[in-house]
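Novice: Fold the following, please.
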Amino acid sequence: MAYETIKYEVAEQILTITLNRPDKLNAFNAQMQGELIDAFDAADKDDDVRAIIVTGAGRGFCAGADLSSGADTFDRDARRGPVKRFADGKVDYSDSQVRDGGGQVTLRIFKCLKPVIAAVNGPAVGIGVTMQLAMDIRIASDAARFGFVFSQRGIVPEAASSWFLPRIVGISQALEWCYSGRVFPAQEALAGRLVSKVVAPDDLLPTARALAKEFAAKTAPVSVALIRQMMWRMMGADDPMEAHKVDSRGIYARGRSDDVKEGVVSFLEKRPAQFKNKVSSDMPDYFPWWTEREYK
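Specialist: Numbers count the residues shown, from 1 in each chain. The predicted structure follows:
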């Protein structure tokens, strides 16, 4: 796919996805939505991609939704045509036309099998910040600004952020930021545990790349893919027994794999491991262990 709103660049087994509408502070639109989903699809299929960095071109990360449609920006009927309705005139909310575009992006990132790092180079508001919540680690430039501005636009949080945000920063902090809708600096994001590190602008991408290289350098790709899904999906489990079930399946299935034999022998022989199993073809037979939720 030839991308127009993002850049897709792979180097040293690291994919860098750059939001690329710098003249609009990388504002999010339907085309960017589709291209981001396609990019994550491509990354999961490419065994040469071991980690993903998402950043923005120019001085912004993402200024939120493209507001060029003015008052109709969030009016789905006005922009896409009427959604389905029942005979009594009530909206059929199961219509896919009702679906939030940002949520479709974060749900795709949630399913990703590679580590995902947000390198936040500038303003990130609305979908510009909520898209980051499904990413594993957020590193910010000290020029970054964040804002869950929905209350100030008369709308509600999107991109499944009501699920992600409280799990990341806690319910009180999530509500403070969402109630007020204010834009806040990177240091406040750090204090509130939204980001893990704040660095100088020139250090942002080198810091993200160093972390991505660490994820890729000595690790088994299949193990990393399983770890990502185990950690994220267990955040919604209702009992630690659910984690024990998945752990046990993983220990059994991976324990018999060539990767584990290589991992143990290379450690005993004091040499770098050469892991051969691939995410594209060698995920264990119990994966996925969950039932995919449908939009309805």
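
Novice: The chain: strands as residue ranges?
Specialist: Assigned by DSSP state E, the chain shows strands spanning 6-11, 14-19, 51-56, 116-120, 123-125, 137-141, 145-147, 183-185, 197-199.

Novice: and those as a markdown table, adding mean neighbour count and distance to residue 236?
Specialist: From N, CA and C alone the C-beta is placed, and that goes for glycine too. Putting the strands of the chain into a markdown table (neighbours: other Cβ atoms under 10 Å; distance: least, Cβ to Cβ, whole Å) gives the following:
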| stretch | mean neighbour count | distance to residue 236 |
| --- | --- | --- |
| strand 6-11 | 15 | 29 |
| strand 14-19 | 23 | 26 |
| strand 51-56 | 25 | 23 |
| strand 116-120 | 27 | 18 |
| strand 123-125 | 26 | 25 |
| strand 137-141 | 24 | 20 |
| strand 145-147 | 22 | 24 |
| strand 183-185 | 17 | 28 |
| strand 197-199 | 18 | 27 |
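
Novice: can I get these in JSON lines with distance to residue 96 and mean pLDDT?
Specialist: Output for the strands of the chain, formatted as JSON lines (distance: least, Cβ to Cβ, whole Å; pLDDT from 0 to 100):
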{"stretch": "strand 6-11", "distance to residue 96": "23", "mean pLDDT": "98"}
{"stretch": "strand 14-19", "distance to residue 96": "25", "mean pLDDT": "98"}
{"stretch": "strand 51-56", "distance to residue 96": "25", "mean pLDDT": "98"}
{"stretch": "strand 116-120", "distance to residue 96": "25", "mean pLDDT": "98"}
{"stretch": "strand 123-125", "distance to residue 96": "27", "mean pLDDT": "98"}
{"stretch": "strand 137-141", "distance to residue 96": "30", "mean pLDDT": "98"}
{"stretch": "strand 145-147", "distance to residue 96": "29", "mean pLDDT": "98"}
{"stretch": "strand 183-185", "distance to residue 96": "32", "mean pLDDT": "98"}
{"stretch": "strand 197-199", "distance to residue 96": "38", "mean pLDDT": "98"}
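
Novice: residues of the lowest-mean-pLDDT helix or strand in the chain that come out buried?
Specialist: The helix or strand of the chain with the poorest confidence is helix 76-80; it has a mean of 75 (mean pLDDT, DSSP states H and E). For helix 76-80, the neighbour count (16 or more other Cβ atoms under 10 Å) marks residue 76 as buried.

Novice: do you know how far the spatially closest residue to residue 185 that is not a sequence neighbour is from residue 189?
Specialist: Take residue 185 and drop its neighbours on the chain: the residue closest to it by Cβ to Cβ, 6 or more residues apart in numbering is residue 145, 6.1 Å away. Distance, residue 145 to residue 189, using Cβ to Cβ, to the nearest Å: 9 Å.

Novice: again, but for residue 17
Specialist: 21 Å.

Novice: and if you look at residue 283?
Specialist: In terms of Cβ to Cβ, residue 283 sits 34 Å off from residue 189.

Novice: Between those two, which has more neighbouring residues?
Specialist: residue 189 (23 against 18; other Cβ atoms under 10 Å).

Novice: contacting residues for that one?
Specialist: 138, 140, 144, 146, 195, 198 (Cβ atoms under 8 Å, 6 or more residues apart in numbering).

Novice: so which two of those residues are the farthest from each other?
Specialist: Using Cβ to Cβ, the contacts of residue 189 span at most 11.4 Å, a distance reached by 146 and 198.

Novice: joint contacts of these two?
Specialist: Joint contacts of residue 146 and residue 198 (Cβ under 8 Å, 6+ apart) are 140, 186, 189.

Novice: per-domain residue ranges of the chain.
Specialist: What the TED database lists as the domains of the chain is 6-215, 219-295.

Novice: now, of those, which is deepest in the fold?
Specialist: Comparing the domains of the chain by mean neighbour count (mean count of other Cβ atoms under 10 Å), domain 6-215 comes out on top with a mean of 18.

Novice: how far out from the middle of the chain is that domain?
Specialist: 7 Å (Cα atoms, centre = their mean, to the nearest Å).

Novice: swap in stretch 231-244?
Specialist: Distance, centroid of stretch 231-244 to centroid of chain: 19 Å (Cα atoms, centre = their mean).

Novice: And for stretch 266-273?
Specialist: 33 Å.

Novice: now what about that stretch, what contacts it?
Specialist: Identification of contacts with stretch 266-273 by Cβ under 8 Å, 6+ apart yields 218, 220, 262, 263, 274.
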